[in-house]
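Novice: Kindly generate the corresponding structure for this input.
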Amino acid sequence: MNHSISLTVNGARRDFVLDDPRVTLLDLLRERLHLTGTKKGCDRGQCGACTILVDGKRINSCLALAISHDGADILTIEGVARGDQLHPVQAAFIAHDGFQCGFCTPGQIMSAIGMMQEAQAGNDPERIRECMSGNLCRCGAYAGIVDAVLEAQGQMDESNQRRSA
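Specialist: Presented below is the predicted three-dimensional model:
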């Protein structure tokens, strides 16, 4: 039996017919939309390489059934930059060497953006480490990741202060 769902992926509405209700968001994004920035790491929700934002919240897309998110707004790493303009988190990752091999980087960036949107960490490095603990880096770039998140959070705070003034 086929199931129809609609998702808004990186700002574009997309309609899908699923022939298997067990299709994960990760597989749908990678195999049907060819959005391969979201990585398949452990496929068990333990590494965070597949982190995306669904309705503004961080999730491990390898654990999320696509059919359960009918109507959802999905943001992947491919939808973060605005043309040639990097998202502040992306730019901060580059500036602070928040990556080495790059495999975990999309999930780390998506988790950082989600954490900032959720107002989870502020400017506390320990809190950032705790909030990002579901995203593993095999290369050990954690110091650069935390510095990048702190910089991006500071930029976001400054921008919000200017808008409210």
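Novice: any weak-confidence spans in the chain?
Specialist: Residue ranges of the chain with pLDDT under 70: 159-161, 165.
Novice: Which segments of this structure make up each domain?
Specialist: When the chain is parsed with automatic domain parsing, its domains come out as 3-78, 88-160.
Novice: Dump those to CSV, plus mean neighbour count.
Specialist: Backbone N, C-alpha and C define where each C-beta goes, glycine included. Shown next, in CSV, are the domains of the chain (neighbours: other Cβ atoms under 10 Å):
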stretch, mean neighbour count
domain 3-78, 18
domain 88-160, 18
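Novice: what's the distance between the residue nearest the centre of the chain and residue 61?
Specialist: Nearest to the mean C-alpha position of the chain, counting by Cα atoms, centre = their mean, stands residue 110 at 2.2 Å. From residue 110 across to residue 61, the span is 9 Å (Cβ to Cβ, to the nearest Å).
Novice: okay, and the common contacts of those two?
Specialist: In terms of Cβ atoms under 8 Å, 6 or more residues apart in numbering, residue 110 and residue 61 are both contacted by the residues 38, 51-52.
Novice: And what about the closest residue to residue 157 other than its chain neighbours, helix, strand or coil?
Specialist: Excluding the flanking residues, the one nearest residue 157 by Cβ to Cβ, 6 or more residues apart in numbering is residue 123, at 7.8 Å. Secondary structure, DSSP: H, G, I helix; E, B strand; the rest coil: residue 123 is coil.
Novice: For residue 123, list the residues it contacts.
Specialist: Residue 123 is in contact with 150, 153-154, 157, counting by Cβ under 8 Å, 6+ apart.
Novice: Name the helix or strand for the residue nearest to the centre of the chain, please.
Specialist: In the assignment (DSSP states H and E), residue 110 maps to helix 105-117.
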